[in-house]
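Engineer: The sequence and its predicted three-dimensional model are supplied below.
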Amino acid sequence: MPEALRKTASYEAEPGEVARVLLLYSGGLDTSVMLKWIQDHYGAEVVALTVNLGQPGEDYEVIRGKALRLGAVECHVVDAREEFAREYVAPAIKANALYGLGYPLFTALGRPLIAKLAVKYARETGCDTIAHGCTGKGNDQVRIEATVTTLAPELKIIAPVRGWQMGRDEEIAYAREQGIPVKGGTEVAPYSIDDNLWGRSSEGRWIEDLDHAPEQDVFQLVTRPEEAPDQAEEITLEFDRGLPVGVDGERLSLVELIDRVAAIGARHGVGIVDHIEDRIVGLKVRDIYEVPAAAIVLPAHAELEKLVCTIHQNQFKPELDRQWAYLVYAGLWWEPLREDLDAYMDAVNAQVTGTVALKLYKGSARVVRRSSPNAVYDPALATFSESGGLFSQQASPGFIELWSLQSRMAWRIRHGDAG
Ligand code: ARG
């Protein structure tokens, strides 16, 4: 075996150990080449698994047919949209989850579920090994392998794309040789895309040139803001204990709601994020995200949360939100701290009930109305006119004297009496 292929981690499979492989199959070029290559290289049987997390425009019957044609002994297509929304996106909403201030984590949320399903199907179909198509440069390998080794220490893992060192030309040549359909032109490498119901990312090509402004063809989900309607539109989201449950007066399941909000946001050019990102494996990269649903639901949620929380909760929670997003981004979904944080998120979100309206206009989503039975807000107190006995303005000077005491002392010690 060439030097580069020698195993480093205990869970990596040696060729002799691989008899039946559960392949996470997307239907794209890499995993199609893998499907053949695993049979070739290991003499192993391949069971294909394709997970539907709500990626738009996917034809799962076509993917299934392709897997079987390429020699898969079984092909399973799982619709995991409800579980994804309920168990992964919902806690992310409660945690206002954004990594690096801009990335709503749709891929990072999907990977632990995909890998969990891979474990389930590998066990049910008697596989000894799980194969995925991640490269050695990304976060997804971390998320998938951390999940598999956590949930199923008995399973081995192979990641052929990381090991085989085929360039794109070789890969296309291999595909042609093996009768694997290569769609589209092969002269330009396509964008590297990943998507699900919570968003879509594009990487590669000119995106790697940080000085290159986005080309139009990258946007496949969101209307470019300059082409969005001239007429603004208001959207009202109803929340129940931290989760959106209705849009414009209509109750919807979380999956339906996300789809609905995404469609409205996309029409108005909402949710384009041009993001510089620190990957877990050390690289700094750029991603173009289209996240129309997250760009509406997250600010709406944050607005309502701010309204029902006290100043102390509002100071504290963003720290935990950031830590939650970091753990999930970093592939540590199964880390107990994440569940500890979820318990806190749930406690705070018990109060997050009410409605928020946002105005959507040419790329922006701005909160314009909010209401909650739990708002820590009293218009009689907030008003500029007198509030009667509830708030004594006469008490304010005394408060200010004590509140500023240490800061005043320190300032004088540092600057003397001169000031
Ligand atoms: N940068 C994002 C992340 O690390 C998106 C990755 C998309 N994955 C992909 N295989 N194209 O979560």
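Structural biologist: Nice, I can see it. Only a predicted model underlies this, so the values are computations on that prediction, with no experimental measurement involved. Numbers count the residues shown, from 1 in each chain.
Engineer: residues in the stretch 151-300 of the chain within reach of the ligand, list them.
Structural biologist: Within the stretch 151-300 of the chain, the residues that sit near the ligand (C-beta under 6 Å from any ligand atom) are 192, 194, 201, 203, 277, 287. No exception for glycine: its C-beta is placed from N, CA and C like everyone else's.
Engineer: could you dump these to JSON lines with secondary structure, neighbour count and pLDDT?
Structural biologist: Below are these laid out as JSON lines (DSSP: H, G, I helix; E, B strand; the rest coil; neighbours: other C-beta atoms under 10 Å; pLDDT from 0 to 100):
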{"residue": "192", "secondary structure": "strand", "neighbour count": "16", "pLDDT": "95"}
{"residue": "194", "secondary structure": "strand", "neighbour count": "19", "pLDDT": "97"}
{"residue": "201", "secondary structure": "strand", "neighbour count": "22", "pLDDT": "98"}
{"residue": "203", "secondary structure": "strand", "neighbour count": "17", "pLDDT": "97"}
{"residue": "277", "secondary structure": "strand", "neighbour count": "18", "pLDDT": "98"}
{"residue": "287", "secondary structure": "strand", "neighbour count": "21", "pLDDT": "98"}
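Engineer: want to throw those residues into TSV with distance to residue 356?
Structural biologist: Output for these, formatted as TSV (distance: C-beta to C-beta, whole Å):
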residue	distance to residue 356
192	34
194	29
201	26
203	32
277	28
287	27
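Engineer: Mind listing what's buried along stretch 373-390?
Structural biologist: residue 375 (16 or more other C-beta atoms under 10 Å).
Engineer: same question but for stretch 209-224, I mixed them up
Structural biologist: For stretch 209-224, burial by neighbour count (16+ other C-beta under 10 Å) applies to 218, 219, 221, 222, 223.
Engineer: just stretch 15-30 next, same as before
Structural biologist: Neighbour counts over stretch 15-30 (16+ other C-beta under 10 Å) mark 18, 20, 21, 22, 23, 24, 25, 26, 27, 28, 29, 30 as buried.
Engineer: again with stretch 129-145
Structural biologist: Within stretch 129-145, the residues that qualify as buried are 129-134, 138-145, counting by 16+ other C-beta under 10 Å.
Engineer: and that stretch, average pLDDT?
Structural biologist: Across stretch 129-145, pLDDT averages out at 97.
Engineer: With stretch 74-88 instead?
Structural biologist: Averaged across stretch 74-88, pLDDT comes to 98.
Engineer: Could you see whether the ligand lies near that stretch?
Structural biologist: No - judged by C-beta under 6 Å from any ligand atom, stretch 74-88 makes no contact with the ligand; its nearest approach is 13.1 Å.
Engineer: Offset the numbering so it begins at 53, please.
Structural biologist: Got it, the first residue is 53 from now on, which makes the last one we talked about stretch 126-140.
Engineer: hang on, residue 98 in a strand?
Structural biologist: Yes - secondary structure assignment (DSSP: H, G, I helix; E, B strand; the rest coil) places residue 98 inside a strand.
Engineer: Dump the buried residues of stretch 67-82 into a markdown table; add distance to the ligand, pLDDT and secondary structure as well.
Structural biologist: Putting the buried residues of stretch 67-82 into a markdown table (distance: C-beta to the nearest ligand atom, whole Å; pLDDT from 0 to 100; DSSP: H, G, I helix; E, B strand; the rest coil) gives the following:
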| residue | distance to the ligand | pLDDT | secondary structure |
| --- | --- | --- | --- |
| 70 | 23 | 97 | coil |
| 72 | 25 | 98 | strand |
| 73 | 20 | 98 | strand |
| 74 | 19 | 98 | strand |
| 75 | 16 | 98 | strand |
| 76 | 11 | 98 | strand |
| 77 | 14 | 98 | coil |
| 78 | 9 | 97 | coil |
| 79 | 14 | 95 | coil |
| 80 | 10 | 94 | coil |
| 81 | 13 | 94 | helix |
| 82 | 10 | 94 | helix |
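Engineer: In strands, which of the buried residues of stretch 261-276 appear?
Structural biologist: Applying DSSP state E to the buried residues of stretch 261-276, no entry is found in strands.
Engineer: which stretches of the stretch 103-252 of the chain form helices?
Structural biologist: Using DSSP state H, counting those that start in this stretch, the helices of the stretch 103-252 of the chain run over 112-121, 133-135, 142-146, 158-176, 192-203, 212-216, 220-229.
Engineer: ok, and for the second one, which residues are buried?
Structural biologist: Within helix 133-135, the residues that qualify as buried are 133, 135, counting by 16+ other C-beta under 10 Å.
Engineer: Residues touching that helix, excluding its own?
Structural biologist: 104, 105, 106, 165, 249, 305, 306, 307 (C-beta atoms under 8 Å, 6 or more residues apart in numbering).
Engineer: Farthest pair within those?
Structural biologist: Greatest spacing in these, by C-beta to C-beta: 165 and 305 (17.3 Å).
Engineer: picking up where we left off before, indicate which one of the helices of the stretch 103-252 of the chain is closest to residue 378.
Structural biologist: Among the helices of the stretch 103-252 of the chain, helix 158-176 comes nearest to residue 378, with 10.1 Å by C-beta to C-beta.
Engineer: Right, I'll call it a day here.
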